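K.L.:
quick one: sequence plus predicted model below, questions after.
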Amino acid sequence: MLKIIILLFVIVITGCQREEVAEVFDISNLSSVEIINNDSGPFSSERLFGEIDYGSLIDNYNKGDHRAAYVYAINLFKGYKFDKNQDKGIEILESLWKQGVVDAGYSLFQIYYLGLGVPENKDVAAKYLKLSADAGYINSQRKLGYIYADRDEVKMFKKNLSQSLYWFKRAAENGDKVAALNVAGMYREGMGIKPNSEKSFEWLEKIPEMPYGDLMTGFPALGNYYEQGIGTDVDLIQAYKYFSLVQPAKAVDRQRVANKMSDKELEIANEMVEKWKERNNIVVPNG
C-alpha cells in the first residue's frame, strides 16, 4: 500500500512538469531576428515592465505584439501582474523564440538551467544561451564571458579564457560597459591574450560613450591609467576629472593627483568636471 502511495505521489509530481524539449529551434536559420530590450543594465527590465500599459497588454498580445507577449510571458512565469502560470509563460516564450525574439532565449536558458517548471536540462540551457548570444543578445554574451572565465555561478563549460575574451568583446562591441571593462582587464593582465596595456586603455577609453551600463563605469580605472600613464601618456587633468566624478569614493585619489597639478591645470580639470555633470544632468557630491 505504501509503495502504491509513493508511486502515485511521484506520478502527480512529475505530471506537473512540462515534457522535456527534444530540440532547440535554431533561430540562425531565420532571415531576421528581433531584440525587445538589449539594455544590459540591472534596472532595464524594471523600466521595460514599467513602460507597459497593462490595461491593453492582453489585447496587444492577442494582436501579435511581440513586446507585449514577452512582458506577458515573464509576468505569467513569475506571477507578478497575473496569476502564476509557468506552463503558459514558457509556451509563449518558446513561441516567441521560434519567431525570432532573441530575449526569449535568455529567459529559456535560465528556466532550463535551473529546472523552473521544466525538467532541468543543462544541454538545452546551453543551446539557448549560445544561440541568443550569437544573435546579439548582450546579457547572453556577457554571461558566456563570465562562465568561460569561471567567474559565474553557472557551470556549463570548461574554463577557456580565449572564449571568455571573445564573448566579452562581442558584448562590448554591442555597447556594454561592464563587458568592455572586463576586456580591458584581460588585456592588462594577459588573460587569454598577451598582456597589452595599449589595447587595455583603448577599451577603457571607449566606455564613456557606450550606451549600456552605469554612467561612471570604468571611471576609477581611467583615472588610474591617466595618472600612471598605463597604455597612454600621463594626463593629470584627465585623471583628476575621472577621480572627481566618482566622489566621494575616490576623494583620496583626486587629492593625490591635485597635489601634482598646477593651479591652471586644476582650473581646466574642474571646468571639465562641471561640463560633464551639466551635460549628463548629474549631481556629484564634492569631497
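P.N.:
Sure, I can see it.
K.L.:
low-confidence stretches in the stretch 151-287 of the chain?
P.N.:
Residue ranges of the stretch 151-287 of the chain with pLDDT under 70: 284-287.
K.L.:
ok, now with 80
P.N.:
247, 249, 283-287 (pLDDT under 80).
K.L.:
can you map out the helices along it?
P.N.:
161-173, 177-189, 197-206, 219-228, 236-244, 251-258, 263-280 (DSSP state H, counting those that start in this stretch).
K.L.:
would you turn these into CSV with mean neighbour count and distance to residue 136?
P.N.:
For every residue, glycine as well, the C-beta is placed using N, CA and C. Below are the helices of the stretch 151-287 of the chain laid out as CSV (neighbours: other Cβ atoms under 10 Å; distance: least, Cβ to Cβ, whole Å):
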stretch, mean neighbour count, distance to residue 136
helix 161-173, 21, 8
helix 177-189, 23, 13
helix 197-206, 19, 18
helix 219-228, 21, 26
helix 236-244, 24, 30
helix 251-258, 17, 37
helix 263-280, 14, 27
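K.L.:
can you lay out the ones you listed as JSON lines showing distance to residue 39?
P.N.:
Shown next, in JSON lines, are the helices of the stretch 151-287 of the chain (distance: least, Cβ to Cβ, whole Å):
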{"stretch": "helix 161-173", "distance to residue 39": "12"}
{"stretch": "helix 177-189", "distance to residue 39": "11"}
{"stretch": "helix 197-206", "distance to residue 39": "18"}
{"stretch": "helix 219-228", "distance to residue 39": "20"}
{"stretch": "helix 236-244", "distance to residue 39": "24"}
{"stretch": "helix 251-258", "distance to residue 39": "30"}
{"stretch": "helix 263-280", "distance to residue 39": "17"}
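K.L.:
separation between residue 137 and residue 36?
P.N.:
Separation of residue 137 from residue 36 (Cβ to Cβ, to the nearest Å): 10 Å.
K.L.:
give me the common contacts of these two.
P.N.:
Here residue 137 and residue 36 have residue 103 as joint contacts, going by Cβ atoms under 8 Å, 6 or more residues apart in numbering.
K.L.:
closest one to residue 105 among the helices of the stretch 151-287 of the chain?
P.N.:
helix 161-173 (14.9 Å; Cβ to Cβ).
K.L.:
for that closest one, list the C-alpha coordinates in PDB.
P.N.:
Extracted in PDB, the C-alpha atoms of helix 161-173 (Å, rounded to 0.1, in the frame of the first residue of the first chain):
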ATOM      1  CA  LEU A 161      39.900  32.400 -21.400                       C
ATOM      2  CA  SER A 162      40.100  32.800 -25.100                       C
ATOM      3  CA  GLN A 163      36.400  32.100 -25.300                       C
ATOM      4  CA  SER A 164      35.800  34.400 -22.400                       C
ATOM      5  CA  LEU A 165      37.600  37.300 -24.100                       C
ATOM      6  CA  TYR A 166      35.700  36.600 -27.300                       C
ATOM      7  CA  TRP A 167      32.300  36.900 -25.700                       C
ATOM      8  CA  PHE A 168      33.200  39.900 -23.600                       C
ATOM      9  CA  LYS A 169      34.400  41.600 -26.800                       C
ATOM     10  CA  ARG A 170      31.100  40.700 -28.500                       C
ATOM     11  CA  ALA A 171      29.100  42.300 -25.700                       C
ATOM     12  CA  ALA A 172      31.400  45.300 -25.500                       C
ATOM     13  CA  GLU A 173      31.100  45.800 -29.300                       C
END
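K.L.:
now do it against helix 197-206, angle only.
P.N.:
Computed by axes from the mean of the first three to the mean of the last three Cα atoms, to 10 degrees, the angle separating helix 161-173 from helix 197-206 equals 30 degrees.
K.L.:
show me how far helix 161-173 is from its chain's centre.
P.N.:
Averaged C-alpha coordinates place helix 161-173 at 13 Å from its chain's average position (Cα atoms, centre = their mean, to the nearest Å).
K.L.:
just checking, what packs against it?
P.N.:
helix 138-148, helix 177-189 (3 or more Cβ pairs under 8 Å, 6 or more residues apart in numbering; DSSP states H and E).
K.L.:
dump those helices to TSV, plus distance to residue 46.
P.N.:
As requested, those are exported to TSV (distance: least, Cβ to Cβ, whole Å):
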stretch	distance to residue 46
helix 138-148	15
helix 177-189	18
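K.L.:
so who does residue 77 touch?
P.N.:
Contact partners of residue 77, counting by Cβ under 8 Å, 6+ apart, are 84-86, 89-90, 93, 107, 111, 116-117.
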